[in-house]
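Visitor: Below is the sequence, then the predicted model.
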Amino acid sequence: MPYKAPVSDYAFLLKHVIGFDKVAATDRFTEATDDVVSAILTEAGKLCEEVMVPVQRAGDLHPAALENGVVCTSPGYKEAWAAIAEGGWTGISGDPEYGGMGLPMTVTTAVNEMMSAACLSLQLALLMTQGHIKVLEHHASDEIKELYLPKLMAGVWTGTMNLTEPQAGSDVGALTSRAEPNDDGSYAISGQKIYISWGDHDIADNICHLVLARMPGGMPGTKGISLFLVPKYLPDANGNPGVANTLKIVSLEHKMGLHGSPTCVMQYDGANGWLVGPAHGGMAAMFTMMNNARLGVGGQGIGVAEGAFQHAMAYALERKQGRSIHGNSIAAHADVRRMLMEMKAEIFAARCIALTNAVAVDMQTATEDKDWAARAAFLTPITKAFGTDVGINVANTGIQVHGGMGFVEEAGAAQYARDVRVTAIYEGTNGIQAMDLVARKMMDGGDAAAQLLDEIGAQAEQARGTHPELAEAVWQSSETLRETTEWMISQGDMDNRFAGAVPYLRAFARVLGAHFHLMAAVAEPGGPRETLARFYISRLLPEHTGLVQQAQSGADGLYAMSLDDLVSWWTARPRGCAISLAGPAGTRNHNLDGRPGGRVAVVDAPTAWTMWMSMGWMMGWRVDNRWYRLWLEQD
């Protein structure tokens, strides 16, 4: 799979679009100079191209496997992880006191995106470990930090998070895992967790699980949940992996994609764990990891989009079909050119949103300013949802560019689509992200949204002198979005907000994308970036008009149709169906035994449907030398 790390694109964005200079100017990140950041991105790009890309297909073709209770990873993964660990990439934004690089989240986001493009299955282990590190940095005791953080930052141990249970998905508060206190201050953790990415493997010496469970006295719901650190192997007196903890891997999920990433069902049977953060404060601590992961998952979508685009671009340049005055390859044909430009324009927009989100996180860290915290919080669901939507859509378009070969697995295009699909689901579905945006993220009365819209409008005004048409379109879209935001805030019935949450989030992303494209056009007038900006603003930005209309449609139309009317009649009426025979004149006057007006039988609905589909409407049944068709009646 061809891949070239887009290091030059990151450099342009950091310098001209996302305002990284503000981060580098803070005391906290004073060492993040242009030279340092350039060197970091260059080295990360080499790692992606030379180490991670070669194992991408191996993970898909030779999935992780559970053998004798131990997970064996795909060929080459162990060696690739060793290179990641040796480079210190797991601790790229970690505290230097414990062996981290201490680099800004903006740089981490760029590096993680490149690694996602190179091999998403392996990058997922990195993202989980980085999130684990953040939780321990913010919430763990000094004793836990000193023991675990150096190992995690060195990549010799990895981390996971364990939230979901069979009955507790998005409703985390429904979990039943228990934590009973032991005499030594630890806890005995019991319960089952599902969908645990990299819950077991052979690429590192130990695996540290962050597990949500309920202590005695914990109230029902999320407010009674606590967080525990549960290692696969209990550290010995020297801090090395010792005896095995009482946890096991029940099974691995057989997934649509991400075959190289082992997704585990975990069973804890009185496993030793240590409390992280205050008792009954588990969700607050876990949200540290989840917010970090949501930014990272948005980057995963963008990274896969970049990989899929480059894959499709290479094919389009090589494939010769038909004739065009613009060239010999299919890339010269207008519709293929449209797809390729749309892919590139969408990636640019999503990448800018994610990096701007990371800048806000860095500024919050460096200044502890509440406005930066509010901006980071507001942009996080947009980054996650739009970034992963772009990943899915671009990967799907990549298959289309390949034509028939895109449907053939050997071409490699389908893997991007299969791998990225789950990113719109895990770490909170994109629908939940949108609901969070219009609910919790607007508890400030829309101040965070208004500040962003003010900046978009002001930048558009500045651009009128050089790019009047583009600037006008961006300014108008920001005002339309402002009106929609005010409508959202005015809705006391939250169902009205939730009914329009997804189109509202996408409309906001559309306008943000146009804003960043306009900034790029101003920074590089007359060049390819301006050309791409014109494409995005003229062809993609107009979508926001329909989106804001959907956003303000309210919930009444969604609930006007009952569930009985929504589902098909044969599933809505499961009691059964009568099967009769219709004669040539359409009258139901014969049965199989020749009795007029009778029924053949009353059977369950699926059986009746199967009989009708397989026999009735195709051939009918023969009775008394005459043909009759089946006639289905609701019982």
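Guide: Everything's here; your move.
Visitor: how about the strands in the stretch 451-600 of the chain?
Guide: 577-582 (DSSP state E, counting those that start in this stretch).
Visitor: Point out where it drops to low pLDDT.
Guide: Counting by pLDDT under 70, the ranges of the stretch 451-600 of the chain that qualify are 568-600.
Visitor: Please apply the same query to the chain.
Guide: 1, 568-635.
Visitor: Any buried residues in the biggest helix by length in it, and which?
Guide: Across the chain, the helix with the greatest residue count (assigned by DSSP state H) is helix 282-318. By 16 or more other CB atoms under 10 Å, the buried positions in helix 282-318 come out as 282-286, 288-313, 315-316. No exception for glycine: its C-beta is placed from N, CA and C like everyone else's.
Visitor: Repeat that for stretch 73-90.
Guide: 73-74, 76-77, 80-81, 84-85, 87, 89-90.
Visitor: now do the same end-to-end measure for it.
Guide: 19 Å (CA to CA, to the nearest Å).
Visitor: got it, and stretch 432-446?
Guide: Start-to-end, stretch 432-446 (CA to CA) is 19 Å.
Visitor: next one: stretch 222-238
Guide: OK, stretch 222-238 end separation, CA to CA: 36 Å.
Visitor: same deal with stretch 520-528?
Guide: For stretch 520-528, by CA to CA, the gap between its terminal residues amounts to 10 Å.
Visitor: roughly how far apart are the spatially most central residue of the chain and residue 40?
Guide: Nearest to the mean C-alpha position of the chain, by CA atoms, centre = their mean, lies residue 423 at 2.7 Å. Residue 423 sits 25 Å away from residue 40, going by CB to CB, to the nearest Å.
Visitor: Contact partners for residue 48?
Guide: Contact analysis of residue 48 by CB atoms under 8 Å, 6 or more residues apart in numbering lists 3, 5, 114-115, 117-118.
Visitor: Confirm that it lies within a strand, as I assumed.
Guide: No - assigned with DSSP: H, G, I helix; E, B strand; the rest coil, residue 48 falls outside any strand and is helix.
Visitor: which ones are touching the nearest residue to it once chain neighbours are set aside?
Guide: Counting by CB to CB, 6 or more residues apart in numbering, residue 48 lies nearest to residue 118, which is 3.8 Å off, once chain neighbours are set aside. By CB under 8 Å, 6+ apart, residue 118 lies in contact with 3, 5, 48-49, 52-53, 56, 303, 307.
Visitor: same check, this time on residue 70
Guide: 200, 202, 249.
Visitor: and if you look at residue 192?
Guide: 165-166, 177, 250, 265-268.
Visitor: 10 Å instead?
Guide: 162, 164-167, 175-177, 250, 265-269 (CB atoms under 10 Å, 6 or more residues apart in numbering).
Visitor: what does residue 487 give?
Guide: So residue 487 contacts 496-497, 500, 504, 548, 551-552, 554 (CB under 10 Å, 6+ apart).
Visitor: and with 6 Å instead?
Guide: By CB atoms under 6 Å, 6 or more residues apart in numbering, the residues touching residue 487 are residue 552.
Visitor: so residue 263 bridges to which residues?
Guide: Applying DSSP bridges to residue 263 yields these beta-bridge partners: residue 197.
Visitor: Please apply the same query to the one 5 residues further on.
Guide: In this entry, residue 268 is beta-bridged to residue 191, residue 247, by DSSP bridges.
Visitor: Does it touch residue 188 like I think?
Guide: No - the criterion here is CB atoms under 6 Å, and residue 268 misses it with residue 188 at 8.8 Å.
Visitor: how's this structure carved up into domains?
Guide: 288-559, 569-634 (automatic domain parsing).
Visitor: export those to CSV and tack on distance to residue 154?
Guide: Listed next are the domains of the chain as CSV, based on distance: least, CB to CB, whole Å:
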stretch, distance to residue 154
domain 288-559, 19
domain 569-634, 54
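Visitor: what's the most buried one of those domains?
Guide: domain 288-559 (a mean of 20; mean count of other CB atoms under 10 Å).
Visitor: Turn the contacts of residue 118 into a markdown table, including distance to residue 104.
Guide: A markdown table is the format used below for these (distance: CB to CB, whole Å):
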| residue | distance to residue 104 |
| --- | --- |
| 3 | 24 |
| 5 | 19 |
| 48 | 19 |
| 49 | 23 |
| 52 | 22 |
| 53 | 26 |
| 56 | 28 |
| 303 | 18 |
| 307 | 24 |
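Visitor: nearest to residue 490, of those?
Guide: residue 303 (38.0 Å; CB to CB).
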